[in-house]
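Participant: Take a look and give me a structure for this.
(2 chains)
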Amino acid sequence: MKDRRFSQTLLFKMSLRMGVVAAIFFAIQLGAVVWMYAHRPNELDQLLVSAETHRIASELRQTSPDAEFSVPPDLKRPLSGNTKRAFVIHDHRGRVVGRYNDGDLRVADTPPSSFVKIRTQRETLNDQFLLSGTRRVTVDGHPLWVSVAILGQGFDPFIPVIFNEIRVHVLFPVVLITLLFLLFNYGVVKRTLKPLNDTIETVNKVDPTDPSARVPSSSYSWELRALTESTNHMLERVQRSMHMLRDFSGNVAHELRTPLAIMLLTIRKLPDDQFRESLHRDALGMRRLVEQLLDLSQAESLNIQRDAARVNLGQVAQTVVGELVPLALSRQRFINYSDEGAPEIRGHEEAIARALRNVVENALVYTPVDTGIEVTSGPGPSYEVRDHGPGIPQASRHRVRERFYRGTDEKSGGAGLGLAIATTIVEAHGGRLEIEDAADGGALVRLTFVAQYGKTL
Amino acid sequence: MKLLLVEDNRRLAFLLADALREEGFTVDRAETLRATSELCGTQPYDLLLLDLGMPDGDGLDFVRKHRRREAACPILVITARGALDDRVAGLDVGADDYMVKPFEIPELAARCRALLRRSVPGYLPNLSFANVTFEVSNREVRVADQPVSLAPRELDLLERLILRAGHVVPKARLEQVLYTLSEEVSPNAVEASVSRLRKRLRQAGAAVVLHTAHGIGYALVAKTSKHEDVST
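Facilitator: Reported below is the predicted structural model:
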């Protein structure tokens, strides 16, 4: 998992869930507020009167308490379409300091008793209501009494009040809680999840082809310990099954090699004729197949570590070519070797020799009689083997590296494992096997290794 | 030379022993490590051919124990496990050579002879004494450059005697090394072989005498004038 999208992270999911919880909380709160006011209209009346008187009082601040209050245009606007409103402001001496009436409303002109603080009254006239009330407010340290009368209809005049209520009692706490949630998420949850991210990093660093690697155990929490432990258990099982596979190839070796040995020895005892010859050839072919299968399974279980032995590529090539010269000569082909200075690499010497041997043997099959193949080591950590045969067609180049793939001509008589073995070995060393056309005909197989290769533990 | 072939697959063991006999070796067979231990304690084998995968134990453990014995004969491990690590492990615990099944008999025989050359003093590819030469690899005997044909048993006897030419080889030891465990050895079997070999050598004009040290054994010594008529 390389691409870490925020929308896929645990942190995001937790934030999202917290957001949903906040939204549900908001809805419940909203429902509660609406339900409450729908069932107690008196409270809405009180709130509306309070809201109006406070609005008026706040405008009063701008004038001197003794001066007559001139009504600003803001206050003259009706609360809603079909609402009429009037108000009277008395000071503590009973004097009227301000007055407004946009309709024919009856407002108590008599100053209220000085002890009145809150008074609300509702009268219903047909489908209309008349709210009247008085509030004692304090402006610049002086008490004032604001009496308001509101004539209206339906629910509209109350909407601003309800909105205000929702703002104060619902929206504000919900926003606060959501912010706290998110802060909590970023502060606490992110920190809590950090070891998890660290563990992911560590697990990612584990080399998947090296089953002996283990994730260092985390002591942070039970869950992480459990995670690292189960990762390690899994790696252990992988290792065990890889070993089982290796043991299996050993068992196959034993099971096949012993009967083959018996077969070859028995064939020796047959009368010396053409049947014995052909049986012997077949048995030798089977022996080669078994050996190649084992070579392949061994190549697959190759695990080159950073501290693997140093291998001198030039020396290996020299040995391999030396071993194959008699074979080449017996088939009337020859091998030329040139050392262009390949460096030492870390790896499995025998396996590298086997890879090169397979490629050279393959070339010996396809190069015509009385031609040679050229084996070059270097420059750089690579081998080149070129023959003077028909070359390998572009279309089947990737297929010759597959197991049991033989060219169409059946010329080799082999099982088609040679280049597969070589490819597997080269790739186990971090390198690659490439097939090209040689400059003047024939195939060119290049085995490129990596100078500094080795898996970290 | 006498080999002990330790192989639990009876058919393979039988065929292998047969092929090795054709190559001129005297071969005993064992099918368990227990039997191998007992045989190694009582019989003078020159070489042990050991299959690692035995039913009654780990062949590598056996090699390790065998190495601690005094005058332990060399071990050639023959096995189906041919991975590099297996070979290294086999050689590291004290095996002298390692061959992976299935193998060609000529190569196995050649490797056996190579091991014997290292462990048996004087066991050269070409043994010679006076005008008698014994080619180990193809078991060809020449007297004064003329080939002489000998029966297998007499070849084995000559090989033993020429290897210790000038020294007496005890009769009891010859009885042990010339015959396999499965052969009935009659009390005068060695004597009979000796007299046949003596006759063949004399007919071929060999400048050696097969001397009988009564009650002890036999010795191949160079012919001098005083031997002229003692030899019979």
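Participant: which element follows the helix or strand of chain B with the lowest mean pLDDT toward the C-terminus?
Facilitator: Ranked by mean pLDDT, DSSP states H and E, the weakest helix or strand in chain B is helix B:84-92, scoring a mean of 75. Moving toward the C-terminus from helix B:84-92, the next helix or strand (DSSP states H and E) is strand B:97-100.
Participant: avg pLDDT for that following strand?
Facilitator: Average pLDDT, strand B:97-100: 88.
Participant: How about the residues of chain B by chain A?
Facilitator: B:9, B:11-12, B:15-16, B:18-19, B:53, B:80-84, B:86, B:100-105 (Cβ under 8 Å from any Cβ of the partner chain). From N, CA and C alone the C-beta is placed, and that goes for glycine too.
Participant: just the buried members of those?
Facilitator: Neighbour-count burial (16 or more other Cβ atoms under 10 Å in any protein chain shown) is assigned, among the residues of chain B next to chain A, to B:9, B:12, B:15-16, B:19, B:53, B:80-83, B:86, B:100-103, B:105.
Participant: Compute the distance from the centre of stretch A:318-326 to the centre of its chain.
Facilitator: Offset of stretch A:318-326 from its chain centre (Cα atoms, centre = their mean, to the nearest Å): 52 Å.
Participant: Touching, residue B:155 and residue B:25? I think so.
Facilitator: No - checked against Cβ atoms under 8 Å, the pair residue B:155 and residue B:25 is beyond contact range at 11.1 Å.
Participant: quick one on the thing from earlier: what distance separates the least confident helix or strand of chain B from the centre of its chain?
Facilitator: How far helix B:84-92 lies from its chain's middle: 26 Å, per Cα atoms, centre = their mean.
Participant: buried set for it?
Facilitator: So, applying 16+ other Cβ under 10 Å, buried residues of helix B:84-92: B:86-87, B:89-90.
Participant: Mind checking which of the residues of chain B next to chain A land in strands?
Facilitator: Applying DSSP state E to those, the entries found in strands are B:53, B:100.
Participant: Residue A:384 - that's part of a strand, no?
Facilitator: Yes - according to DSSP: H, G, I helix; E, B strand; the rest coil, the state of residue A:384 is that of a strand.
Participant: How much space separates the residue lying closest to it once chain neighbours are set aside from residue A:382?
Facilitator: Closest residue to residue A:384 apart from its sequence neighbours, by Cβ to Cβ, 6 or more residues apart in numbering or on different chains: residue A:376 at 4.4 Å. Applying Cβ to Cβ, to the nearest Å, the value for residue A:376 to residue A:382 is 8 Å.
Participant: Looking at the two, which is more packed in?
Facilitator: residue A:382 (22 against 19; other Cβ atoms under 10 Å in any protein chain shown).
Participant: Report the contact partners of the residue nearest to residue A:384.
Facilitator: Under the criterion of Cβ atoms under 8 Å, 6 or more residues apart in numbering or on different chains, the contact list for residue A:376 reads A:337-340, A:383-385.
Participant: show me what contacts the residue nearest to residue B:190 when sequence neighbours are not counted?
Facilitator: Distance criterion Cβ to Cβ, 6+ apart; nearest residue to residue B:190, sequence neighbours excluded, is residue B:174 at 5.1 Å. Residue B:174 makes contact with B:157, B:160, B:190, B:217-218 under the criterion Cβ under 8 Å, 6+ apart.
Participant: Include distance to residue A:348 when you put the residues you listed into JSON lines, please.
Facilitator: Supplementary listing: the contacts of residue B:174 in JSON lines, determined by distance: Cβ to Cβ, whole Å:
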{"residue": "B:157", "distance to residue A:348": "49"}
{"residue": "B:160", "distance to residue A:348": "45"}
{"residue": "B:190", "distance to residue A:348": "53"}
{"residue": "B:217", "distance to residue A:348": "54"}
{"residue": "B:218", "distance to residue A:348": "54"}
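Participant: Would you report which members of those are assigned to strands?
Facilitator: Per DSSP E, the contacts of residue B:174 map to strands at B:217-218.
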